[in-house]
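**Q** structure of the sequence below:
(one chain, ligands or ions: 2)
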Amino acid sequence: MSDRLLSYAEAVEKVVAYARSLPLPAAESVALDAAYGRVLVQPILADEDQPPFARSTRDGFACRAAEASAHANLPVAGFTRAGDPPPPPLPPTAFWEIMTGAPLPAGADAVAMLEYVERSGSLARLLPPRTLAHGDNLVAQGAQARAGDTLLPVGARLGPAQIALAAACGYAKVVVYAQPRVAILTTGDELVPVDAVPEPGQIRNSNASMLAALVAATGGLPRVLPNAADSPDALDAALASALDADLLLLSGGVSAGTHDLVEPALARLGARFRFTGVRIQPGKPLVFGEVPRGNRVLPFFGLPGNPISSAATFLLFAAQVLGALSGAHRIGPHFVAAQLAHATDRKAKPGLTRFLPAHCDFAQPGGALPQVIAVPWHGSGDMPAFARANCFLVVPEDAGILDAGALVRILLF
Ligand code: AMP
Ligand code: MG
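**A** Ligands and ions are numbered 1, 2, ... in the order given. All right, here's what the predicted structure looks like:
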């Protein structure tokens, strides 16, 4: 193994630093209901107090806590449903029947839950031994936010909770970063399209579909180009059609074989290579750099063609650049802690950080840590094994064998 190759840590540091140096993407306005996963360019402000009126959080009886806690029968002075206008002020020593989400009458400082109230005709009383304290079962106007407060900052990613908040504040449209366009160019004479029947010696092009899924899941807009044959002319023509993308992913043709023509083709475009090769397994031949395009550059990753190598190097490296291109503020592979259920095999690979396809089971009784098991596999082309995995298990450089029960890091996908 060559000492020139970067370690995993060095390579990921280079990629993350590069990702952070990229200019921010353009902004566009999209319908809120189509904005899931996008990153905000505008802050989300509260258009009014949240909640906009003091409201009940229970079906029951609005009251003064001290009066109700005396357990006397009090008159029920009225009834307000969710959606009704705010009722008049609560008369002295009275209940006001109310539903969850309805505005409280002024003067009420608590809501007695329906379950704990005994109603007889127009009278009601709080059943002993229950008592009420000021503020029980209600949310005061503005308790959650004040009109004009910034509720989501620029750079926040819109998940379900953030979309709900934007909707509550009246944002039918939001200004978000444009999605990066990602060109996907697979290479290899042996590859046929997914709807073709391979001749002897041929295989179907699975990386195109897999990478398109990974790109979409990472916030990019995939554009799958026709597979390129292993010839300089075919590669030059294919690359020419990819140059208008924001990120270029190539698959295959980057190891040291005589048909590995991707690097020379990129070099003919004036590519600057930031690294060629990383001390990882799988994925060692990974290539990362950029092609000049006028006053801009096109970042590229040359992913090794074996499907598990392509997936690992995408998730570890390319996903960070794609994240930055989609406006994400938190960049970097995000690992999760888990406990190893079985010792890893003894095939140590000195000097390589390994990313083994693994299955992590999060459904642990009694608060135990998620349990992870490396999936038995026949190398980085083993797609049936990969499809049984839901993460990569990190085996640090020179760790050798990892014992059962060890605390490990995993990268979910
Ligand atoms: P390469 O990186 O081009 O040397 O390819 C390494 C291995 O991955 C070979 O067995 C290829 O047939 C396989 N491979 C390359 N590209 C793809 C692809 N797009 N889909 C499925 N397998 C591929
Ligand atoms: Mg190839």
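**Q** can you show me the helices along the stretch 251-400 of the chain?
**A** Here the stretch 251-400 of the chain has its helices, by DSSP state H, counting those that start in this stretch, at 262-268, 307-313, 319-325, 383-387.
**Q** now render the ones you listed as CSV, adding mean neighbour count.
**A** All C-beta spots, glycine's among them, are computed from the backbone N, C-alpha and C. Output for the helices of the stretch 251-400 of the chain, formatted as CSV (neighbours: other CB atoms under 10 Å):
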stretch, mean neighbour count
helix 262-268, 19
helix 307-313, 26
helix 319-325, 25
helix 383-387, 14
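**Q** of all these, which one is nearest residue 408?
**A** Residue 408 sits nearest to helix 307-313 of all the helices of the stretch 251-400 of the chain, at 15.8 Å, using CB to CB.
**Q** do the closest one and ligand 1 meet?
**A** Yes: using CB under 6 Å from any ligand atom, helix 307-313 reaches ligand 1 at residue 307.
**Q** what's the spacing between the nearest residue to residue 142 once chain neighbours are set aside and residue 120?
**A** Leaving aside its sequence neighbours, residue 142 sits nearest to residue 49 (CB to CB, 6 or more residues apart in numbering; 3.8 Å). Residue 49 sits 37 Å away from residue 120, going by CB to CB, to the nearest Å.
**Q** okay, the two: which has more neighbours?
**A** Counted by other CB atoms under 10 Å, residue 49 and residue 120 do not tie: residue 49 has more neighbours, with 18 against 8.
**Q** so the more buried one touches residue 147, yeah?
**A** Yes: judged on CB atoms under 8 Å, residue 49 makes contact with residue 147 at a distance of 5.3 Å.
**Q** could you pick out the residues of the protein near ligand 1 for me?
**A** Within the chain, the positions near ligand 1 by CB under 6 Å from any ligand atom are 186, 188, 190-191, 203, 205-208, 251-253, 255, 257, 304-307, 381.
**Q** coming back round to it: could you export the helices of the stretch 251-400 of the chain as a markdown table, including distance to residue 76?
**A** Shown next, in a markdown table, are the helices of the stretch 251-400 of the chain (distance: least, CB to CB, whole Å):
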| stretch | distance to residue 76 |
| --- | --- |
| helix 262-268 | 79 |
| helix 307-313 | 64 |
| helix 319-325 | 57 |
| helix 383-387 | 62 |
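**Q** what's the closest of those to residue 281?
**A** Nearest to residue 281 among these is helix 307-313; the distance by CB to CB comes to 8.7 Å.
**Q** you'd agree residue 10 is in a helix?
**A** Yes: according to DSSP: H, G, I helix; E, B strand; the rest coil, residue 10 belongs to a helix.
**Q** so who does it touch?
**A** Residues near residue 10 by CB atoms under 8 Å, 6 or more residues apart in numbering: none.
**Q** quick check: pLDDT value at it.
**A** What the model reports for residue 10 is a pLDDT of 97.
**Q** can you give me the buried ones in stretch 220-230?
**A** Across stretch 220-230, burial judged by 16 or more other CB atoms under 10 Å covers 220, 222, 223, 224, 225, 227, 228, 229, 230.
**Q** contacts for that stretch next, please.
**A** The contact list for stretch 220-230, computed with CB under 8 Å, 6+ apart, reads 179-189, 191, 193, 205, 208-209, 211-212, 215-216, 234-235, 237-238, 241-242, 245-247, 253, 259, 261, 322, 325-326.
**Q** how far does stretch 34-41 sit from the chain's center?
**A** The chain centroid and the centroid of stretch 34-41 are separated by 11 Å under CA atoms, centre = their mean, to the nearest Å.
**Q** surely residue 181 is in contact with residue 246?
**A** Yes: contact criterion CB under 8 Å: residue 181 and residue 246 qualify, at 5.1 Å.
**Q** between the two, which one's more packed in?
**A** More crowded of residue 181 and residue 246, by other CB under 10 Å: residue 246, with 21 against 17.
**Q** can I get the buried residues of stretch 220-230 in JSON lines including secondary structure and pLDDT?
**A** Shown next, in JSON lines, are those (DSSP: H, G, I helix; E, B strand; the rest coil; pLDDT from 0 to 100):
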{"residue": "220", "secondary structure": "coil", "pLDDT": "96"}
{"residue": "222", "secondary structure": "strand", "pLDDT": "98"}
{"residue": "223", "secondary structure": "strand", "pLDDT": "98"}
{"residue": "224", "secondary structure": "strand", "pLDDT": "98"}
{"residue": "225", "secondary structure": "coil", "pLDDT": "98"}
{"residue": "227", "secondary structure": "coil", "pLDDT": "98"}
{"residue": "228", "secondary structure": "strand", "pLDDT": "98"}
{"residue": "229", "secondary structure": "coil", "pLDDT": "97"}
{"residue": "230", "secondary structure": "coil", "pLDDT": "96"}
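**Q** nearest to ligand 2, of these?
**A** Closest approach between those and ligand 2, by CB to the ion: residue 230, at 6.2 Å.
**Q** spell out which residues of this protein are next to ligand 2.
**A** For the chain, the residues in contact with ligand 2 (CB under 5 Å from the ion) are 188, 252, 253, 305.
**Q** any weak-confidence spans in the stretch 151-300 of the chain?
**A** The model of the stretch 151-300 of the chain has no residue with pLDDT under 70.
**Q** from residue 116, how far out is residue 305?
**A** Counting by CB to CB - residue 305 and residue 116 are separated by 68 Å.
**Q** neighbour count for those two, which is higher?
**A** residue 305 (25 against 18).
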